[in-house]
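# A predicted structure for the sequence below; I have some questions about it.
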Amino acid sequence: MGKTTRLYIYSVIAAGGLVVAVALANGFSPDPMSWTIYLALTVLASVVKLRLPGMDGTYSLGFLFLLYGMAHFSPAETLLAGCAGAVAGSLFHTQKRSSLIQVLFNAANLAVGVGVCFLLQRVWLAAGVTRYLPATVAITAGVYFMVNTVLVSGVLALLQGKGLAEVWNQWYLWSFPYYLIGVALVALFPSPTQAVAGEAWLILLPLVYLVHFFLGLLEWHASSAPVGERRNAPLPRAAKWFVVSIVTGGVLLLGLAGWRWNCQNPVRFVSYLALAAVASTFKIRLPGMRGTLSPSFVLVLAAIAEMSLGEVVVLATLAGLVQVLWRSARRPMLAQVLFNPASLAVSAALAYQLCRVPLEPWLGHSLVGQLVAATLVLYASNSLLLAAVLALVDGKPLGAVWQLCYFWSLPYYLVGAAAAGVMTATWRTADWPASLLVMPLMGLVYISYRVHLRQAIGRSQTQAAVAVAA
């Protein structure tokens, strides 16, 4: 072990010890019965370890009780139980006996992550987000995951002589979708002070489907020709008229938005508009297609639930425009620059109107129902419009092209809908600035999704090269 590695480990241990000391100094007076049960369950869960696909190591279930403690117990109570669990997890049910410095580092790493989360809750979230438990757990979980995985990846990178990003990608990204499911379970667990609607448990479905999708990528191989790869060729007549009709619809919607403009909170609208533009720059390029995905649609869904039609149209148009122009792999044609934002605006307006008029008597005040309907309409409309223009350009069957769009984008849309649900519920319970704090967790979903796709593409290319060489 080199000098730099030792210095890093000792620094983390010192920081963890300082966090525990400060927490204990602020008082430790738990309810004996509830805290003893919590301590015992945390220790037992920390000993239970799972071997996840795509990972060489194991993953402990102790993080579930750690998240629960950060939502229901004091810093001292959570830290003591968490550190006890970290020690138990380091000593029991391991293939190799841990050294003292490893045990101390694991406990200190946990303490630093928990300390940062409690500091965030006290300084940043005390304004109101803490009144809505799912948002509190989501934000806390995102921060803890980042701190914990970066600290451990740091020491592994030093020991292995690799880059931090490389170690983090290889070791921890497979754990994230399972971590998300755990976060949802903790957030939806009944609390003595707050009840959670039964329909909110639907949030687990997209997370389970995301795990299923990632597992399927392990066996995925490219089998179809790329879609939408024609360059510098004039659009077929049918495709040209289709693009013109959608662009015309988008322009008319923008005109209607300006004519009937209604913005109750300009600061909120500008903030969402800016965040949508930033989110549109984070793009995932889909295999076999020239299309991309970005997290910006989450903000479009939240806007459909809480903003006016004009605000939704403008936000969707800007998000689509930035997505097609920002760092495009190839210079986009004028038809693309006009069609992409117009199609997203048309789809968002359609979702808004359907949820507000014909479906409202059935949806009522159900947030989950509204978001499910809005997501299905937005996704179906936008993906079908994109598939239709690609089918007309390439002369391929619409069903085959849309099936390709559906395969790659549906899991991402479903998880984004769950994030939009947490954002909207936070908005209604606390205030709109607090709802923006949920977006970093969606950013982690974006990173995980992108890396899994890259790994699947890399495996497919390697298999193809081996087949050609044979």
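Yes, it's here. What you see is a predicted model, and the numbers here were worked out from it, not measured in a lab.

# need the next SSE after the helix or strand encompassing residue 37, C-terminal direction.
In this assignment (DSSP states H and E), residue 37 forms part of helix 32-47. Note on helix 32-47: by DSSP H and E, the next helix or strand toward the C-terminus is strand 49-50.

# Where does pLDDT dip in the stretch 1-150 of the chain?
Within the stretch 1-150 of the chain, the ranges that satisfy pLDDT under 70 run 52-57, 123-135.

# I'd like to know how far the closest residue to residue 285 other than its chain neighbours sits from residue 445.
Distance criterion C-beta to C-beta, 6 or more residues apart in numbering; nearest residue to residue 285, sequence neighbours excluded, is residue 292 at 5.4 Å. All C-beta atoms are positioned from the backbone trio N, CA, C, and that covers glycine. From residue 292 across to residue 445, the span is 16 Å (C-beta to C-beta, to the nearest Å).

# Same check on residue 316?
Applying C-beta to C-beta to residue 316 and residue 445 gives a distance of 20 Å.

# Show me how the protein divides into domains.
3-196, 237-469 (automatic domain parsing).

# which one of those lies closest to residue 211?
Closest to residue 211 of the domains of the chain, according to C-beta to C-beta: domain 3-196, at 4.8 Å.

# before we move on, back to that, name the surrounding residues that touch the helix holding residue 37.
60-62, 64-66, 68-69, 73, 77, 80-82, 84-86, 88-89, 92-93 (C-beta atoms under 8 Å, 6 or more residues apart in numbering).

# Write a ChimeraX command that selects only the buried members of those residues.
Here is the ChimeraX command that selects the buried residues among the contacts of helix 32-47 (16 or more other C-beta atoms under 10 Å):
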select :60,61,62,64,65,66,68,69,73,77,80,81,82,84,85,86,88,89
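
# which one of residue 292 and residue 445 has more residues nearby?
More crowded of residue 292 and residue 445, by other C-beta atoms under 10 Å: residue 445, with 23 against 18.

# How many neighbouring residues does residue 234 have?
Neighbour tally, residue 234, other C-beta under 10 Å: 8.

# Identify the residues contacting it.
Applying C-beta under 8 Å, 6+ apart, no residues contact residue 234.

# Helix or strand for it, just tell me which one.
Under the criterion DSSP H and E, no helix or strand holds residue 234.

# Look up phi and psi at residue 331.
Dihedral pair for residue 331: phi -60, psi 120, per degrees, to the nearest 10.

# Let's see the pLDDT reported for it.
pLDDT for residue 331: 82.

# How about residue 362?
We have a pLDDT of 68 for residue 362.

# Check the one 5 residues further on too.
Residue-level confidence at residue 367 comes out at 73, pLDDT.

# from what I can see it touches residue 423, true?
No. Look at residue 367 against residue 423 with C-beta atoms under 8 Å: they stay out of range, at 10.6 Å.

# Looking at the two, which is more packed in?
A count of neighbours by other C-beta under 10 Å puts residue 423 above the other of residue 367 and residue 423, at 29 against 18.

# What is the burial count for residue 429?
The local packing of residue 429 (other C-beta under 10 Å) involves 18 other residues.

# Compute the distance between it and residue 181, please.
Residue 429 is 23 Å from residue 181, by C-beta to C-beta.

# ok, which stretches of the stretch 1-150 of the chain are strands?
49-50, 59-60 (DSSP state E, counting those that start in this stretch).

# is it possible to export the ones you listed to CSV including distance to residue 264?
What follows is the strands of the stretch 1-150 of the chain, written out as CSV (distance: least, C-beta to C-beta, whole Å):
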stretch, distance to residue 264
strand 49-50, 47
strand 59-60, 45
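
# among those strands, which is nearest residue 240?
strand 59-60 (52.4 Å).

# I'd like to check what contacts the closest one. Which residues are they?
By C-beta under 8 Å, 6+ apart, strand 59-60 touches 45-52, 85, 89, 175, 178.

# Parallel or antiparallel, list what pairs with that strand.
If you go by DSSP bridges, strand 59-60 pairs up with strand 49-50 (antiparallel).

# Residue 300 touches residue 379, doesn't it?
No. Using C-beta under 8 Å, residue 300 is not in contact with residue 379, being 10.9 Å away.

# Overlap in contacts, the two.
Between them, residue 300 and residue 379 share no contacting residue, judged by C-beta under 8 Å, 6+ apart.

# more crowded one of the two?
residue 300 (29 against 23).

# Helix, strand, or coil at the more buried one?
When classified by DSSP: H, G, I helix; E, B strand; the rest coil, residue 300 comes out as helix.

# and if you look at the one 10 residues further on?
Using three-state DSSP, the secondary structure recorded for residue 310 is helix.

# ok, and the closest non-adjacent residue to it?
Spatial nearest neighbour of residue 310, excluding adjacent residues (C-beta to C-beta, 6+ apart): residue 257 at 3.5 Å.

# so what does the host helix or strand of the one you found touch, helix or strand wise?
Assigned by DSSP H and E, residue 257 falls within helix 237-259. Counting contacts by 3 or more C-beta pairs under 8 Å, 6 or more residues apart in numbering; DSSP states H and E, helix 237-259 packs against helix 309-325, helix 334-356, helix 367-394.

# and residue 118, which of those is closest to it?
Nearest to residue 118, of those and by C-beta to C-beta, is helix 367-394 at 28.6 Å.

# could you point out which element follows the closest one?
Next along from helix 367-394, by DSSP H and E: helix 398-429.

# Pull out the buried positions in that next one.
Neighbour-count burial for helix 398-429, counted by 16+ other C-beta under 10 Å, picks out 401-402, 404-406, 408-427, 429.

# Just confirm residue 209 contacts residue 412, I think it does.
No. Taking contacts as C-beta under 8 Å, residue 209 lies outside contact range of residue 412: 10.4 Å.
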